[in-house]
Structures are given as C-alpha cells and as structure tokens.
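Q: got a sequence here, can you model it:
(4 chains)
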Protein chains: 2
Amino acid sequence: MAGQRTRRRIPEATVARLPVYLQLLSDQFDAEVTNISSEQLAALGGVNAAKVRKDLSYLGSYGTRGVGYDVEFLIFQIKRELGLTHDWHVVIVGAGNLGQALSGYGGFGERGFPVGGIVDVSPDKIGRAIGGVRVRHVDELAQIVQSRDISIGVIATPGPSAQEAADSLVAAGITSILNFAPAIITAPHGISVRKVDLAVELQILSYHEQRRVNARTATTLKAVPGQRGRGASA
Amino acid sequence: MAGQRTRRRIPEATVARLPVYLQLLSDQFDAEVTNISSEQLAALGGVNAAKVRKDLSYLGSYGTRGVGYDVEFLIFQIKRELGLTHDWHVVIVGAGNLGQALSGYGGFGERGFPVGGIVDVSPDKIGRAIGGVRVRHVDELAQIVQSRDISIGVIATPGPSAQEAADSLVAAGITSILNFAPAIITAPHGISVRKVDLAVELQILSYHEQRRVNARTATTLKAVPGQRGRGASA
DNA sequence: ACAGCTTTGTGAAAGCGTGCACAAGCGTCA
DNA sequence: TGACGCTTGTGCACGCTTTCACAAAGCTGT
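A: Numbers count the residues shown, from 1 in each chain, chains lettered A, B, ... in the order given. Next up is the predicted model:
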C-alpha cells in the first residue's frame, strides 16, 4: 500500500546520511556488485556498521539475514524515500560569481537537480546565458517557478541581498531553500532552509589547524605554568 | 601524537557555530553596534540565547553581566580561537568545472583563505590561469605547499579521482582537507577532513519536499500537518 | 534435517547537545 | 551607599544520536 510512506519519521541525522549511502551504493552498482553487507557499506562510508543497519531499517526490512542487502533494490528504496524518483528543477537567485559557478558546474543536473532558471536584478546580467540557461529578471521568478513547477530555490547572492532573495523565493511559491550566501536568512514556518557556507567550512578547518599549531608550541615549551584565568595567550 | 591536551576543548557543534557568530558580529560592527546581548545575537542567528551564551563561554568569560558583550572584543576572541588572525592559503586540486568555479569565486580570498595554487593532471589545463592563479601539474604539489606554507587543501576533482587527490595532498604535507568531490575519502589519522556535497544538500531538501507532497495527499484522511522545517523563525 | 556460520534488525546503554531556570555579578540612580 | 533591574554563566534534566550486544533468521554442506 502506497500510503505507508508517511507513517514513520526518519531522524534528521539519518536523512543526512542516506544520500551518502546512495552514492556509495551507486558506485558499487556501477562496479557490478549486486549484494553488500552493512559491514562493507560501513567500511566504504567510514562509519559504524550498526549505524548503517539502523539507518537502513528506517526504510523497512530490506536486508536478508546471513546475506546482506541487494544493491539495486536498496538504491531504489533510498531514492524513493528521498523523493529522487524524478528530477527536481531548481531556480538560482543571483548570477554573480557564485551563481555562475553553481550553474556552470554541471553537478546539479547530473544528480537530478537541473537548473530551471536563473534570475538577477542587474540589467547587465539579464539576458546572458550561463550553462545553457538565460538569466532573467527576479520579477519573473513567480512565473518561472510556476511554469516549471519548481519548489527548490538556491540563493547565490551576496550576503546583504540574501534575505531579500529568500523573500522573493517564498513569495514565488518556493518551499525549500538552499542558501549559499554568507548570511542567516529567516523564512516562514513550513519552509525548509539549509545553509552552505564555503568560508565557514574553511574556518572550521582553520580551528583544527590552529589547535595543531598551539599543541606543537605547547609541547616544545613543555608545561607552561600559571596562566590562571583565561584568555592568557594572545 | 602526545597525550591529549587538557587545554579547553570546544565541542564540535560549537566550533561549527562560531563562524556564524563571527559573521553576525562583523555585520553588527559594520553597523557601528558596539555592544550586544546574547538575546540579540541569538535573534540574529535564529538560535537559542542560552546556546549562544554556552558557546561563547567556551572562549572565556568575555561578557559583562547586566550589559552584554563588547562586539569588537568578541570578534577578536572568536578570530583568535578559530585561528583567523592571519590568512591561510589553500591549494585546489582539480581545475575542471568545480575547481574553476571555486577559484574564480572570490569568496575564499575575501574571507581569509586566498588560493595559493591550483593543480591538475590534464596537460590542456596546465598553464591556464584561473582567477589570477596559474594551473600547475599535480607533481608540483609538494613544492607549492612548502613554498607557501600551505596546510589546507581543497579537492575539486571528479568523484573517482578524489581519493588519489587526497593521497597527493597528504603526501605533500597538507593537514586539512575540504572535499567537494562526491566521494568519501579516507586520510591518515591526524588529518582533518570535511566534506561538502552540493547534491547531498539538495537531496536532503528533496526528502522534505517529498514528505510535504505525501502529507498533502494524506490530509484527506488525517488532519495532522506535523510540519518540521529547519532554520530560523522571526 | 540439522549444525554451523553469517548477517540482519533492534532493545538497551552510553554519550552528546540543547534549553530551562536561576544565582551571581555588574551598572545605574536616588 | 544601597536597592533595583538587567544579563551572564552554568547546573541540571531531557531528548536525540551513537554504539553495543544478541536473538532471530537465512544460507550451505553433510
């Protein structure tokens, strides 16, 4: 029965891992592997096997004890659960460096998210074609969204314009937003928002590098005495 | 590696939020706000005020009760903790679509992570200049890394080449890797690895869209909207 | 049919992260 | 100087996530 899909709620942490399993399984499928155990899949993904099994168990009991999982069938089930049985067109707001980079990079279309439109406000960007898609004015957003039944918007504007872009997307009828701009945006309840900030990722790495350096100098100096309180090292 | 440093360890979840606070505080500083309360900062970031205070408390006791935090001082402390008191050059492996997009996008340099080099294996890419940096052969990686004292590498190759790229980076002396390729890579213990997969983010959004659609068709039977978005409220 | 080996699916425990609630501390003003 | 109002810093409880451990279940060979 088809109506069973909404009954179980999949934890957010699991949802975030399903695409990874899908990726790994697709690689295996291409390598003509037809069956895989949770242990093998865990090794490929660098995670714990029990976690893999628990994650997959949210989809249903699709494994065979003593054998493992059928690769092709599991791929199908994950795709179904993630809603990847059809393409989702996306619309990109912002045709600057980042927007051009994102739409020029073919990765979206290849993975089931073709670019259905790009909009900007700047007259000297409108009309240009990027990655085969013509840049249109942001006022046409609602029309673009409706004509292609688009529900996912990508924000690739500069930080200060991000909230405005989000408001436009919501007004146009978008229900999910992927925000690449370095700014926090707010959206009405019921709209899914995710943020990817390339600089933030680098800053997190920087923190670990920083600690590495600190640890190294601290080891050289051996135990630094005193320094009571905090914020001593400058 | 020597025994675990007992210097205060900041939880990973907090480390991931510090760059966000930094961003917000910088905006406030530009707007000439000199003092801010945890409540205000929380509102800007769409998070809980207690979380903000707890996060900031890992840096030290830099707030003033009854008053709040000094914006400029807090910016400095976060930067210090994240190791952002100086620029970190990065080297990009892969000069294809994604690599070109990343280095052409000025966002890295602006935020303290200038591109110190780009390498590829393809002869027809080597020698070309992208975003002011000349593409060199991957064999020159170690030399590039050492001459500029680079410790962060960015992988922008196709998925199948990602592990090879990672191995090259590690061999060249890199200690942190940001992986944009759609593949899981493994690195020796002690190397920090982070993965950003644009398609994965979209797939997570797709899951929520999928549920929305299912929920809508199911509302004919049940009147439970059960909406769960991410991100902030106003 | 059964013994032995493999692997799943899942309770239960342990580990983290989040948010509440409040005492402690600081500034202000009479 | 003392009382009052505001905000930080943090103990504690709760909920989500991860990991362990093992019974249930399937396959193979005798």
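
Q: is chain B contacted by whichever helix in chain A runs longest?
A: Longest helix in chain A by number of residues (criterion: DSSP state H): helix A:198-220. Yes: counting by C-beta under 8 Å from any C-beta of the partner chain, chain B is contacted by helix A:198-220 at A:198-215, A:218-219. In this view, the C-beta of every residue, glycine as well, is placed from N, C-alpha and C.

Q: not counting its own residues, what contacts that helix?
A: Residues from elsewhere that reach helix A:198-220 (C-beta atoms under 8 Å, 6 or more residues apart in numbering or on different chains): A:180, A:182, A:224, A:233, B:2, B:5, B:7, B:10, B:15-16, B:18-20, B:22-23, B:81-84, B:88, B:90, B:102, B:105, B:107-108, B:111-113, B:151-152, B:175-178, B:192, B:194, B:196.

Q: if we use 7 Å, what do you get?
A: Applying C-beta atoms under 7 Å, 6 or more residues apart in numbering or on different chains, the external contacts of helix A:198-220 come out as A:182, A:224, B:2, B:5, B:15-16, B:19-20, B:82-84, B:88, B:107-108, B:111, B:113, B:151-152, B:175-176, B:178, B:192, B:194, B:196.

Q: mind giving me the PyMOL command for buried ones among the residues of helix A:198-220 next to chain B?
A: Burial among the residues of helix A:198-220 next to chain B is assessed by 16 or more other C-beta atoms under 10 Å in any protein chain shown; the matching PyMOL selection reads:
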select buried, chain A and resi 198+199+200+201+202+203+204+205+206+207+208+209+210+211+212
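
Q: hmm, back to that, hmm, the longest helix of chain A touching DNA strand C?
A: No: using C-beta under 7 Å from any atom of the strand, helix A:198-220 stays clear of DNA strand C, with a minimum separation of 12.8 Å.

Q: for stretch A:60-72, same thing?
A: Yes: Stretch A:60-72 comes into contact with DNA strand C (C-beta under 7 Å from any atom of the strand), by way of A:61-69.

Q: may I see the buried residues of that stretch?
A: A:63, A:68-71.

Q: which of the residues you listed fall in strands?
A: Using DSSP state E, A:63, A:68-70 are the members of those that sit in strands.

Q: of the contacts of helix A:198-220, select the buried ones using a PyMOL command.
A: Filtering those down to the buried ones (16+ other C-beta under 10 Å) takes a single PyMOL command:
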select buried, (chain A and resi 182) or (chain B and resi 15+16+19+20+82+83+84+88+107+108+111+113+151+152+175+176+178+192+196)
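
Q: what about stretch A:36-54, average pLDDT?
A: Average pLDDT, stretch A:36-54: 98.

Q: scratch that, stretch A:212-232 is what I was asking about
A: Averaged across stretch A:212-232, the pLDDT comes to 53.

Q: which ones are touching the nearest residue to A:Asn35 once chain neighbours are set aside?
A: Distance criterion C-beta to C-beta, 6 or more residues apart in numbering or on different chains; nearest residue to A:Asn35, sequence neighbours excluded, is A:Gly68 at 5.2 Å. By C-beta under 7 Å, 6+ apart, the residues touching A:Gly68 are A:35-37.

Q: among the residues you listed, which one has the most neighbours?
A: A:Ile36 (22 neighbours; other C-beta atoms under 10 Å in any protein chain shown).

Q: many thanks, we can stop here.
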